[in-house]
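In: Give the three-dimensional model of this entry:
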Amino acid sequence: MKGNIEERACELATYIIENRTTVRDAAKKFGISKSTVHKDIQERLPLYNRSLYLRVKEILDENKAERHIRGGIATRRKYRGDA
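Out: Okay, here's the model as predicted:
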């Protein structure tokens with residue numbers, strides 16, 4: 001997804017907020033890397049739209065706090081053969 005970086009950052013944030021999704025899922029949906037998603041949201045978005053940044057930051061912080069739980073669930077599935 002090339003084009004206006006400001007617009008892309010806002011679209012990424014809106015997608016993450018509306019779907020309560022992860023950076024990985026957003027990157028897959030928009031066809032860009034996880035690094036680009038992080039850069040757009042962490043560095044570019046606060047310059048363009050501070051209120052949107054603060055809302056998406058809450059979701060990203062929640063995802064970060066839960067990632068160890070998701071990792072444990074994925075490992076359990078892997079070894080049970082549920083994957």
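In: Now tell me what touches whichever strand or helix holds residue 13 from outside.
Out: Using DSSP states H and E, residue 13 sits in helix 5-19. Residues outside helix 5-19 that contact it (CB atoms under 8 Å, 6 or more residues apart in numbering): 1, 21-23, 25-26, 29-30, 37, 40-41, 44-45, 48-49, 52-53, 55-56, 59-60. Just so you know, the C-beta spots here come from the backbone N, C-alpha and C atoms, and that holds for glycine as well.
In: got a list of what residue 64 touches?
Out: Residues counted as contacts of residue 64 (CB under 8 Å, 6+ apart): none.
In: tell me the angle of the strand or helix carrying it relative to helix 5-19?
Out: Secondary structure from DSSP H and E places residue 64 in helix 50-80. Counting by axes from the mean of the first three to the mean of the last three CA atoms, to 10 degrees, helix 50-80 lies at 60 degrees to helix 5-19.
In: Buried ones in helix 50-80, by neighbour count?
Out: When burial is assessed from 16 or more other CB atoms under 10 Å, helix 50-80 yields the following buried residues: 52-53, 56, 59-60, 63.
In: how far out from the middle of the chain is the lowest-mean-pLDDT helix or strand in the chain?
Out: In the chain, no helix or strand scores lower on mean pLDDT, DSSP states H and E than helix 50-80, which sits at a mean of 90. Offset of helix 50-80 from its chain centre (CA atoms, centre = their mean, to the nearest Å): 9 Å.
In: on that earlier part again, can you tell me which of the contacts of helix 5-19 are buried?
Out: For the contacts of helix 5-19, a neighbour count by 16+ other CB under 10 Å gives the buried set as 22-23, 25-26, 29-30, 37, 40-41, 44-45, 49, 52-53, 56, 59-60.
In: okay, the residue nearest to the spatial centre of the chain: pLDDT?
Out: Nearest residue to the geometric centre of the chain (CA atoms, centre = their mean): residue 23, 2.2 Å. On pLDDT, residue 23 comes in at 95.
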